[in-house]
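Asks: Sequence and predicted structure are below.
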Amino acid sequence: MSNIERVKCLIIGSGPAGYTAAIYAARANMNPVLYQGMQPGGQLTTTNEVENFPGYPEGVTGPEMMMQLQAQAQRFGADIRDGWATKVDLSGDVKKVWINETTEVHADTVIISTGATAKYLNLPSEQHYLSLGGGVSACAVCDGFFYRNQEVVIVGAGDSACEEAHYLSQLCKKVTMLVRSEKFRASVIMEERVRNTENIEILMNTVTEEVLGDGNVVTGIRVKNNETGEVKEIPATGFFVAIGHKPNTDIFKGQLNMDETGYLLTEGKTSKTNIPGVFACGDVQDKDYRQAITAAGSGCIAALDAERYMASK
Ligand SMILES: Cc1cc2nc3c(=O)[nH]c(=O)nc-3n(C[C@H](O)[C@H](O)[C@H](O)COP(=O)(O)OP(=O)(O)OC[C@H]3O[C@@H](n4cnc5c(N)ncnc54)[C@H](O)[C@@H]3O)c2cc1C
């Protein structure tokens with residue numbers, strides 16, 4: 001039998017969105033309980049350099065920044081715990097969330113900040129340089145700056161890939177874009193934008209065979225043309241993977257409204273989902289911006305929405 005606990009505000013997820021929601025909810029006397037999930041600190045714990053979060057003029061490592069956000073939330077009394085949500089029943093006035101199948105949390109308000117997971121090709125060489133921070137990235141806006149005036153390769157064929165390739169083209173000497181099939185998946189306007197950019201070279205029908213490097217950093221990409229079988233090496237110091245993200249929303253399926261790719265839908269500028277008392281913030285509801293600062297901003301909105309919901313009851 002599970003333990004049952006009653007809380008005013010339950011926050012699921014410990015990225016910038018969840019911790020910011022915890023800071024605001026704690027300071028509003030909502031006594032938030034936050035479960036960290038499988039990745040305490042969220043996606044930023046996998047990066048060594050965060051240079052674009054305001055307040056860190058010298059930059060900061062992802063793990064250090066997340067420890068500081070956690071400490072700031074705890075300073076105001078947020079109860080930060082290990083454990084992940086395995087099942088939810090959001091139908092009643094009191095929302096039920098099961099943690100590790102053992103604890104049942106009954107909450108007046110639930111703030112969902114479970115983020116999204118970047119998809120990779122899962123080649124061993126890609127994962128090797130990703131784990132070293134040696135030149136593999138899934139975020140051009142986050143990491144493009146580190147490759148100024150250098151040559152990079154990006155893989156992907158959708159709108160986001162086109163947008164990221166164009167972003168990189170403004171920083172880098174040359175961008176080679178690898179498209180697996182003979183067609184883009186992006187809208188015509190996005191495809192045209194990359195096709196009309198002088199320093200973007202597009203290789204259609206081309207797949208990545210291996211990320212090449214000296215053991216520490218990326219030096220090039222070996223690619224193969226699917227049609228001709230031709231194999232060649234492209235010199236590059238950065239390899240950007242733009243093949244999509246998977247929002248962490250499986251447990252909410254059938255209860256919360258989502259778009260076709262599983263991102264939670266929120267109402268207008270608010271964090272309100274289709275269920276009163278349930279709010280969503282951060283990357284789990286944002287497939288457009290996906291930045292730490294935008295996640296943190298929406299965490300603030302979610303806590304304010306939750307506080308107003310409680311006040312109105
Ligand atoms: C390698 C890398 C580098 C990046 N660099 C930058 C950068 O330099 N600057 C920048 O602004 N952005 C950067 N980003 C993007 C940034 O990390 C994200 O936009 C941000 O972390 C999103 O925050 P979030 O709080 O929405 O979710 P996440 O950080 O994704 O956190 C999600 C949280 O939810 C938890 N969770 C998931 N499922 C459950 C569950 N069932 N129960 C409980 N908890 C759960 C996870 O454990 C995690 O704690 C980078 C991303 C990556 C991958």
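Replies: Arrived safely. Because the structure is predicted, anything quoted here is derived from the model rather than measured.
Asks: check contacts around the residue nearest to Met65 when sequence neighbours are not counted.
Replies: Computed as C-beta to C-beta, 6 or more residues apart in numbering, the closest residue to Met65 that is not its neighbour in sequence is Val50, at 5.7 Å. Where you see a C-beta, it was placed from the backbone N, CA and C, and this is true even at glycine. Applying C-beta atoms under 8 Å, 6 or more residues apart in numbering, we find Val50 in contact with 44, 56, 59-62, 65, 142, 292.
Asks: Glu210 is in contact with Ile221, correct?
Replies: Yes. If you go by C-beta atoms under 8 Å, Ile221 and Glu210 touch, sitting 7.4 Å apart.
Asks: Between those two, which has more neighbouring residues?
Replies: Ile221 (26 against 16; other C-beta atoms under 10 Å).
Asks: Look up phi and psi at that one.
Replies: Backbone torsions for Ile221, taken as degrees, to the nearest 10, come to phi -130, psi 130.
Asks: Tally up the residues packed near the residue of the stretch 151-300 of the chain found nearest the ligand, please.
Replies: Closest residue of the stretch 151-300 of the chain to the ligand, C-beta to the nearest ligand atom: Gly282 (2.2 Å). Close neighbours of Gly282, defined as other C-beta under 10 Å, add up to 34.
Asks: same check, this time on the one 4 residues further on
Replies: Using other C-beta under 10 Å, the number of residues around Asp286 comes to 21.
Asks: ok so, going back, restricted to buried residues, select the contacts of Val50 in PyMOL.
Replies: Buried residues among the contacts of Val50 (16 or more other C-beta atoms under 10 Å), as a PyMOL selection:
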select buried, resi 44+60+61+62+65+142+292
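Asks: In helices, which of the contacts of Val50 appear?
Replies: Of the contacts of Val50, the ones assigned to helices by DSSP state H are 62, 65, 142, 292.
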